[in-house]
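Chemist: sharing a sequence plus its predicted fold:
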Amino acid sequence: MTAVSALWQAEDSCRKARTVDALSFTIVNETWQVLPYRQASFWRFGATGADLVAVSGLAALSEDSPFTVWTRRLVRAIAKDLPDTVQVVDLEAMPAPMSDPAASADTPALPALTPALIDGWEEWWPAHLVVVPLVKDGERLGVCLFVFENAPNETELAIFDRLQACWSYCAWALTRVRKSPIGVRVPRGPKVWLAAALLIALMCVPVRQSALAPGELVALKAIAVAAPLDGVIKSFEVQANQRVKAGALLFSLDDTTLRNRREVTARALEVAAAELLSAQQRAFDDGKARSEVTALQGKIAERRAELHAVEEQLKRIDVVAPRDGIAVFGDTNDWQGRPVVTGERVMQIADPQDTGVLVYLPAADAISLDEGAPIRLFLHVAPLSPVDATLTETSYQAVLSPDNVASYRLRGAIGDAGKDVARIGLKGTAKIYGHRVPVVYYLLRRPLAALRQWTGL
């Protein structure tokens, strides 16, 4: 094979390469048929610096070998001020470190090497090095290093100049990117367009919109048991979450004040009756006494009404269960001795078979929901066994949640399968599912909302 045909074949092999790895393998191995070098290596410039891609005679590269580490340091040292033309570097003509750059006019246009790099050169390489930068339109794509036992002649350097143009164009073609009108570099090729089409298709896939909110298990139709009158709770006859029967005594109010009022009212009634009797006896011969009889009769009626009202209140100091169920309230010690007012809720009587989910959905996370939307409650005690429910009620206006967050109150009914494991009072995190929306809307909903808050658009 003549030198010209070998050169043509080397260039043709580079043009047929479909990847940078294939191109680098061709450059460091097939160029030997044209130029008798001892060793060649291909380095690619990227965001992280120079990366070793191929070395002649090696199928696999060791990134942490001493030779690779030293070569990488050398490439990084010369890449800082690397010219765009082919450079010949002779170790014997290399200036000493920290010497005057003007001391020798014949030295190559490369920076002086450190003693450590020179020692490595003497250990790993011969004295002659040819540096072939891969440059296209001012962009540095990589560099090829060729080491020779003897200094290359003018013919070999001319071949390097020709191959540099071919290699630079091939490397640029395999790594080229196109700039869009807005200045963004857009990769080209069918694979890029296919990936973009797949990405757009994925962004249009409909998914169910969802939101997370704190939730707990509650009784949907619990009956509130409130204080029948103003007073102080004297005693509790049931414990928290205890099953009760209809008519069972739940708690009692202190009756000391009412009993004292009853005694005072009864005494006042007796006094009024005695005054009326005295007035009636004096009315036979005293006209003034006859006029007092009517007033005293009205006073007696008033005392009797007061006594009746007190007795009715005494009958209501014992509060009983309105139906069968479970008494839902806090600790009994928190209620005993506590003053209450009329209508203040003390507990609830809940039906254990009528359990549901109460969710406080923050207003900032609100999504469009329809009746019957699925709800999944992940309880803190059993996060791997969610409780499924369906939305039955939503509040029209946001209210403050127990955590003092403006939230919409949602209620959901639990299916028959979840009632066996559901227990009133358990808390967790609820996931509420809304309408189906594209993936791009699902991912960008919160960022767009935040952007509108900041920009006001």
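Modeler: Yes, it's here.
Chemist: flag every buried residue along stretch 300-314.
Modeler: Residues of stretch 300-314 classed as buried under the neighbour-count rule (16 or more other CB atoms under 10 Å) are 300, 303, 306-307, 310, 313-314. Every residue, glycine included, has its C-beta placed from N, CA and C.
Chemist: closest to Ala449 out of those residues?
Modeler: Within the set of these, Gln313 lies nearest Ala449; the separation is 55.5 Å, counting by CB to CB.
Chemist: got the domain boundaries for this protein?
Modeler: Here the domain assignment for the chain is 3-175, 222-253+317-350, 255-316, 351-438, based on automatic domain parsing.
Chemist: so which of those is nearest Ala211?
Modeler: domain 351-438 (4.6 Å).
Chemist: what about the closest one, how long is it end to end?
Modeler: Length of domain 351-438, first residue to last, CA to CA, to the nearest Å: 41 Å.
Chemist: for Leu74, what are its contacts?
Modeler: For Leu74, the residues meeting the contact criterion (CB atoms under 8 Å, 6 or more residues apart in numbering) are 113, 117, 120-121.
Chemist: any weak-confidence spans in the stretch 251-400 of the chain?
Modeler: The stretch 251-400 of the chain contains residues with pLDDT under 70 at 283-291.
Chemist: can you pull out the helices in it?
Modeler: 256-282, 287-315 (DSSP state H, counting those that start in this stretch).
Chemist: so who does Glu216 touch?
Modeler: Taking CB under 8 Å, 6+ apart as the contact definition, Glu216 lies against 357-358, 425-428.
Chemist: what is the nearest of the residues you listed to Glu275?
Modeler: The nearest one, if we look at these relative to Glu275 and count by CB to CB, is Gly425, at 59.4 Å.
Chemist: can you get me a residue count around the nearest residue to the closest one once chain neighbours are set aside?
Modeler: Once its chain neighbours are removed from consideration, Gly425 has its nearest residue in Leu217; the separation is 6.5 Å (CB to CB, 6 or more residues apart in numbering). Burial of Leu217 is recorded as 22 neighbouring residues (other CB atoms under 10 Å).
Chemist: quick one: secondary structure of Leu217?
Modeler: Per DSSP: H, G, I helix; E, B strand; the rest coil, the secondary structure class of Leu217 is strand.
Chemist: is it true that it touches Leu426?
Modeler: Yes: here Leu217 reaches Leu426: they are 4.8 Å apart, a contact under CB atoms under 8 Å.
Chemist: how close does Ala398 get to Arg15?
Modeler: When CB to CB, to the nearest Å is applied, the distance between Ala398 and Arg15 equals 68 Å.
Chemist: before we move on, back to that, now the helices of the stretch 251-400 of the chain in TSV, with distance to Arg38?
Modeler: As requested, the helices of the stretch 251-400 of the chain are arranged in TSV below (distance: least, CB to CB, whole Å):
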stretch	distance to Arg38
helix 256-282	111
helix 287-315	112
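Chemist: report the contact partners of Phe251.
Modeler: With contacts defined as CB under 8 Å, 6+ apart, the neighbours of Phe251 are 233-238, 319, 335, 346.
Chemist: what is it paired to in the beta sheet?
Modeler: In this structure, Phe251 bridges to Phe236, Val319 when assessed by DSSP bridges.
Chemist: for Leu444, see how far away it is.
Modeler: Using CB to CB, we find Phe251 at a distance of 54 Å from Leu444.
Chemist: before we move on, the earlier item: which one of Ala398 and Arg15 has more residues nearby?
Modeler: Between Ala398 and Arg15, Ala398 has the larger neighbour count (other CB under 10 Å), namely 16 against 12.
Chemist: host element of Arg15?
Modeler: Assessed by DSSP states H and E, Arg15 sits inside helix 3-16.
Chemist: which parts of that helix are buried?
Modeler: Residues of helix 3-16 classed as buried under the neighbour-count rule (16+ other CB under 10 Å) are 6-7, 10-11, 13-14.
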